[in-house]
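>>> Give me a 3D structure for the following:
(6 chains)
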Protein chains: 6
Amino acid sequence: MITRIDGRALDELRPIEIIPNINKFAEGSCLIRCGNTHVLCTASVEERTPPHVGEGEGWVTAEYSMLPRANRERSKRDIAKLKLSPRSAEIQRLIGRALRAAVDMKALGERTITVDCDVLQGDGGTRTASVTGGFVAMSYALHKLVEDGVLASMPLKTCVAAISAGIVDNELMLDLCYEEDSAAMVDLNCVMTGEGELIELQGTGEGRGFTIDEQRRLVDLCAKGIKEVQEIQRAALGG
Amino acid sequence: MITRIDGRALDELRPIEIIPNINKFAEGSCLIRCGNTHVLCTASVEERTPPHVGEGEGWVTAEYSMLPRANRERSKRDIAKLKLSPRSAEIQRLIGRALRAAVDMKALGERTITVDCDVLQGDGGTRTASVTGGFVAMSYALHKLVEDGVLASMPLKTCVAAISAGIVDNELMLDLCYEEDSAAMVDLNCVMTGEGELIELQGTGEGRGFTIDEQRRLVDLCAKGIKEVQEIQRAALGG
Amino acid sequence: MITRIDGRALDELRPIEIIPNINKFAEGSCLIRCGNTHVLCTASVEERTPPHVGEGEGWVTAEYSMLPRANRERSKRDIAKLKLSPRSAEIQRLIGRALRAAVDMKALGERTITVDCDVLQGDGGTRTASVTGGFVAMSYALHKLVEDGVLASMPLKTCVAAISAGIVDNELMLDLCYEEDSAAMVDLNCVMTGEGELIELQGTGEGRGFTIDEQRRLVDLCAKGIKEVQEIQRAALGG
Amino acid sequence: MITRIDGRALDELRPIEIIPNINKFAEGSCLIRCGNTHVLCTASVEERTPPHVGEGEGWVTAEYSMLPRANRERSKRDIAKLKLSPRSAEIQRLIGRALRAAVDMKALGERTITVDCDVLQGDGGTRTASVTGGFVAMSYALHKLVEDGVLASMPLKTCVAAISAGIVDNELMLDLCYEEDSAAMVDLNCVMTGEGELIELQGTGEGRGFTIDEQRRLVDLCAKGIKEVQEIQRAALGG
Amino acid sequence: MITRIDGRALDELRPIEIIPNINKFAEGSCLIRCGNTHVLCTASVEERTPPHVGEGEGWVTAEYSMLPRANRERSKRDIAKLKLSPRSAEIQRLIGRALRAAVDMKALGERTITVDCDVLQGDGGTRTASVTGGFVAMSYALHKLVEDGVLASMPLKTCVAAISAGIVDNELMLDLCYEEDSAAMVDLNCVMTGEGELIELQGTGEGRGFTIDEQRRLVDLCAKGIKEVQEIQRAALGG
Amino acid sequence: MITRIDGRALDELRPIEIIPNINKFAEGSCLIRCGNTHVLCTASVEERTPPHVGEGEGWVTAEYSMLPRANRERSKRDIAKLKLSPRSAEIQRLIGRALRAAVDMKALGERTITVDCDVLQGDGGTRTASVTGGFVAMSYALHKLVEDGVLASMPLKTCVAAISAGIVDNELMLDLCYEEDSAAMVDLNCVMTGEGELIELQGTGEGRGFTIDEQRRLVDLCAKGIKEVQEIQRAALGG
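Numbers count the residues shown, from 1 in each chain, chains lettered A, B, ... in the order given. Model prediction:
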């Protein structure tokens, strides 16, 4: 039998922990820990929307960043290079699309929710942890709007969560940690709804291409993992 | 029967034209036209590699940009906003990964190929046209290195081409033009090798999620389209 | 007799070709080819003016840029250096002034025409080709405003075109190509109206100064060339 | 008797907690909590120094930043504004000078320690918490260098810690929280060594000037507070 | 007896000269020379305030910059590095706070005074010279507003001036020139009002810490110096 | 007879004053005053050249900037807009070319002279004053290199000076001040050598075109003015 670097089964998630309301000021927040990947997610509500948003509708956007020492080596801050890391640009676009897919924008009304995902420590899977934790932080903020009487009911159409799978040494495995990710030939991320539908799917062959059959099995593996992640999300959201 | 906006069948590509060596100075170049999407691709060879590349190995990178009036409305240049468009950042990362997948870096040796994909006119599918055209421009540049005696043989492991498919009004269709893309509920891009293996896969549900079954059918549709694209590539590459 | 590098007579232009309406979306556009110098010019109309423009008046502005592989060597994009190339800054100011000189701003009304001149391939004379082609693209856009009934008549006071002349090996010659330009001791550009009046004049001694008499003869040479350029412009504009 | 907003005595610190080695990758790290002010401090070691540093000597530098939702209102990231917040610029210069004052640069040898202070939550006193926590993180990193045999002994000349005091409603008080700080007429920060000497002193009259006598009493108040802070530091450093 | 590098007594200022109205356009201006430190100060009045300023109130802000050859070695311009020098950022915040402390913002009304302090030549003490000269330039501009009938009376609560003191070779001395400053172990700047109250106080130990007693004596030395500076200010302001 | 705004004859210069060695640190410097236009010029010598300069040769470059309150209205600093003013970019390229035309780069040897032209007050003609004053500052720096024994003799091929002329109300006039410049229909600048040869020539029709004959007369007017400017230069340079 294949042994993974940390002893997990091939289709086993790392332990996930969601610490709610970690930030005293944000309308919603959590710290999500997926193994050694730690992401601080805060959701901030503003009573206005960007110009491209239609009248009577809301907006959800996300920003993603890594603290300089989130990784094995210190990296320079974006501001020192005067440019947003292209990787961060790509990831925060993904998070934003994923979260928007869950929200009924008319029910949200003319307000913006900005979800900040700041990686305190990164050990692989920071983008999927950000989607999963970002959804929880956003939900807390929406709960607060309901509790405060601003909204009549939760403006959510579904929930979203994410996980990755990959092929390492020709073995398909779920939820790669950094060391596995570095060695992966193929890496695939899924964002799915509570109904098991795909919202985002990104797969990359790093060392080799992957067959359509492998692609299908990786998506199936992610689907299995996301179900488990969604149980943890539900627990964090009280139900 | 469903009629598409431009009368195409659901699994029909737009006409593709590849005009070779459009640029007098670049080591390789082409203008690729996929319907009304026109991308100028140039491949430039430099006899050095960036620091992160191992000794004795080559590198391939890509840049993607839209001319200000490539679209229905004029957009500001990146330099006027002092930031690379996040969309361009994401796309050029994709193109770079796709092209690198085709090249044997040791056979290329310590040199860099930079493929510039400048969209002269955009009507949907600019990123997939860029991958397809970028591969042709790069191949011309590699041919030139072989002809000039710099390389003994073509350092290619495979060829790569790309196409998109999507779901519009609950119909799956191949190679969306801008108007279809704007109305699409689901949009999925594939990059595949000559052997039919996936290199990149990106799917997004814009208006709704998509089932695993739909996802599979979209990939199959792309696989069909990419085969046809690769025939046009082969013709352009004289073989 | 002096033979120029490409066999032209000293006072002979390179072949000029203007391909109209090359861009499907822009209100006006052309591709101008002056020998191996190829510039894509698009004119975009917006129904507002910048703050410094008086009420009831219009505005014309230009942007100039070279694609990274327009030249013999690839150059970095402006955005990679986070600054507009000073040369581009200087040239686009010249193009803007030249085009504004042709337009009756009150007749144009409160709208802005932005002329983008993107050099696809540069072989000397890109700034003068941009003025000449930019005027054609702008005229097409103005025609369209008249055809669409937005303007009652063409808001043009005159036409403008441009050419360069220089001194190479102590010989005065018209319309320098890149190789001549690199060897030129003196380089002088003129923008002139249809009436033969000067709008812009820029002369530079690179290797040596030039006498007032030489300066006069260079302007005369440009005046001769511009007349021929204006015939080609008139043909492109339908008479 | 004066009651402070949180019931503290005028010369009483907020509860301080230092959680060591919070980051798995950094050579040294801690999370410092001073009341509701939470700062994540990491110390990173690099085996080279910037050009201005003399041969055989080391260097210590600091960076300070607030997460976007560290405050009552979300603030934009520096990179969105393309400029380092001037307040952050000022604070990180202060932290850097303070930490350098504690280190024997010759004993450190040709290496750089970069201390990143990222404010997860800010409730007043973030700069002084950063100095205090930054010193602890740096000390852990130096310990590690000693344990790893890179350094023979700890290259510290002293320890440094910091606190603020201020005048609110004409009352002098120690360690202002945000609400007090907002209402303060005078605000003064001190960095002091283990020997009770000043390293940095910054005082500002916001609503009124302050007398030399008041200034002296504020420094005395800080001196008292810093002694208590240093006991907590010593405990965190195991001795 | 201790001899200073330029023969001054330990508590002696460099000669100070204030040349009024050096700029023809600014509402107020002066050139202040403190020994070889020369700062051009201009005050510009605008009839609007930034968004954070309350209704009916005015605003005072400052900018500080060094010309590239103000120093012994040429330094690059900020724009060449695309970032405001952190030192300048820190200093202009200090100048702004100092000048605001002198102004009754309600009496000023909804207008902004921007004081630009451009160092033509720097020989130590540029920030304190900027505060002192900036106050004079601002006062001229306020005088002009009164003369023009815009304001009924001078909206000043007090005057502000600044000086530095330091410890060189264990000797306390006033108003350090560059050479002394470079050798200083301790450097302390004070901004004081006409009533002798502190507005800003910044002290730094560069080579060693300083005792609370030394700190007190440095402030006393500054207080003595500022009184003399204020006499020169008063003379420049005609009274 | 035409009366100019300041009573000058049509072909009369404003009073020019060159104050030598105004900066204590620069290798060469002057303050040039042409009427109310005041430019501080410093020349800095560095013992290295940029990469594009050939072995054994020197380099001369220029930077031009306006202080924020050099004009009738305060303008923002370049760094506040994160971009070099395009006008400054254009002007400093002109100054650099003009100064390089005067220098024998082989005789200068492998060193760079950077001439900074900072406009303290601008009243028209700042670019021509910068060329004229910049040449003087550069000459002082070269003298110093000769005096210091670094160079055997002055590496100058010629001297350069500049002036403008224009057409205001259809009258040709020399050396336009700001008010004339604002009303000018045509504006033309010349840089000339001591031998009366042109180095740079820039003419612009702002309100109307200008005939070839007018252009010739404007150059003649500049030639007359530059001779007088050169006498003042020679006096400043000691003969």
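
>>> so what's A:Thr211 closest to, chain neighbours aside?
B:Glu197 (5.8 Å; CB to CB, 6 or more residues apart in numbering or on different chains). All C-beta spots, glycine's among them, are computed from the backbone N, C-alpha and C.

>>> Share the number of residues neighbouring that neighbour, please.
The number of residues packed near B:Glu197 is 21, by other CB atoms under 10 Å in any protein chain shown.

>>> likewise the one 5 residues further on?
Neighbouring residues of B:Gln202 were enumerated by other CB under 10 Å; the total is 19.

>>> and what of the one 5 residues further on?
Using other CB under 10 Å as the criterion, B:Gly207 is surrounded by 10 other residues.

>>> For the residue most central in space within chain A, give me its contacts.
Nearest to the mean C-alpha position of chain A, by CA atoms, centre = their mean, lies A:Val131 at 1.6 Å. Counting by CB atoms under 8 Å, 6 or more residues apart in numbering or on different chains, A:Val131 makes contact with A:94-95, A:98-99, A:160-162, A:191.

>>> which ones among those are found in strands?
A:160-162, A:191 (DSSP state E).

>>> and A:Ile91, what does it touch?
A:64, A:126-127, A:130.

>>> Can you verify my assumption that A:Asn189 contacts A:Leu201?
Yes: using CB atoms under 8 Å, A:Asn189 makes contact with A:Leu201 at a distance of 7.4 Å.

>>> Pick out whichever of these two has more residues nearby.
Just comparing A:Asn189 and A:Leu201: by other CB under 10 Å the higher neighbour count belongs to A:Leu201, 26 against 23.

>>> Quick check: bridge partners of the more buried one?
Beta-bridge pairing for A:Leu201 (DSSP bridges): A:Cys190, B:Gly203.

>>> Hmm, it is touching A:Met192, no?
No: using CB under 8 Å, A:Leu201 is not in contact with A:Met192, being 9.1 Å away.

>>> what about the residue in chain A that chain E sits nearest to, how many residues close to it?
Here the residue of chain A nearest chain E is A:Leu82; by CB to the nearest CB that distance is 5.7 Å. A total of 18 residues lie near A:Leu82 under the criterion other CB under 10 Å.

>>> Was I right to think it contacts D:Ala80?
No: with contact defined as CB under 8 Å, A:Leu82 does not reach D:Ala80; the gap is 11.8 Å.

>>> and chain A, which of its residues are near chain C?
By the rule CB under 8 Å from any CB of the partner chain, the part of chain A lying against chain C is A:82-83.

>>> Around chain D, which positions in chain A sit nearby?
A:23-26, A:29, A:36, A:40, A:42, A:44, A:46, A:63, A:65, A:67-72, A:74, A:77-79, A:82-84, A:114, A:116, A:118, A:120-121, A:123.

>>> now do 7 Å
A:23-26, A:36, A:40, A:42, A:44, A:63, A:67-69, A:71-72, A:74, A:77-79, A:82, A:84, A:114, A:116, A:118, A:120-121 (CB under 7 Å from any CB of the partner chain).

>>> wait, A:Ser65 sits on A:Asp118?
Yes: A:Ser65 is within contact range of A:Asp118, at 5.4 Å (criterion: CB atoms under 7 Å).

>>> got the contact list for the residue nearest to A:Thr211?
For B:Glu197, the contact set (CB atoms under 7 Å, 6 or more residues apart in numbering or on different chains) comprises A:209-211.

>>> If we only consider the residues you listed, which is nearest to F:Ser182?
Nearest to F:Ser182 among these, counting by CB to CB, is A:Gly209 at 66.2 Å.

>>> What backbone torsions are found at that closest one?
phi -70, psi 170 (degrees, to the nearest 10).

>>> And the closest residue to it other than its chain neighbours, how far from chain F?
Excluding the flanking residues, the one nearest A:Gly209 by CB to CB, 6+ apart is B:Glu197, at 2.8 Å. For B:Glu197, the distance to chain F equals 44 Å [CB to the nearest CB, to the nearest Å].

>>> Look up phi and psi at B:Glu197.
phi -90, psi 150.

>>> pLDDT wise, what is the nearest residue to A:Lys76 once chain neighbours are set aside at?
The shortest distance from A:Lys76 to any non-neighbouring residue, by CB to CB, 6+ apart, is to A:Pro68 (6.9 Å). With respect to pLDDT, A:Pro68 has a value of 98.

>>> give the contact list for A:Pro68.
A:74-77, D:63, D:116.

>>> In strands, which of those residues fall?
Those of those lying in strands (DSSP E): D:63, D:116.

>>> SS state for the closest residue to A:Ala152 other than its chain neighbours?
Using CB to CB, 6+ apart and skipping the chain neighbours, the partner closest in space to A:Ala152 is A:Val146 (7.4 Å). Of the three states, A:Val146 takes helix under DSSP: H, G, I helix; E, B strand; the rest coil.

>>> picking that back up, where does the residue nearest to the centre of chain A land in three-state SS?
helix.

>>> Give me the pLDDT value at it.
98.

>>> now swap in A:Met1 and tell me
Looking at A:Met1, the pLDDT reads 57.

>>> Excluding sequence neighbours, find me the nearest residue to A:Ala235.
A:Ile18 (7.9 Å).

>>> no wait, A:Cys34
A:Ala129 (4.7 Å).

>>> That neighbour contacts A:Cys41, correct?
No: using CB under 7 Å, A:Ala129 makes no contact with A:Cys41, being 8.8 Å away.

>>> so what's in contact with the two at the same time?
Here A:Ala129 and A:Cys41 have A:Ile32 as joint contacts, going by CB under 7 Å, 6+ apart.

>>> in chain A, what residue is nearest chain C?
Closest point on chain A to chain C, by CB to the nearest CB, is A:Leu82, at 5.8 Å.

>>> can you tell me how far that residue sits from chain B?
8 Å.

>>> Check A:Glu12 too.
Applying CB to the nearest CB to A:Glu12 and chain B gives a distance of 21 Å.

>>> give me phi/psi at that residue?
According to degrees, to the nearest 10, A:Glu12 has phi -110, psi 130.
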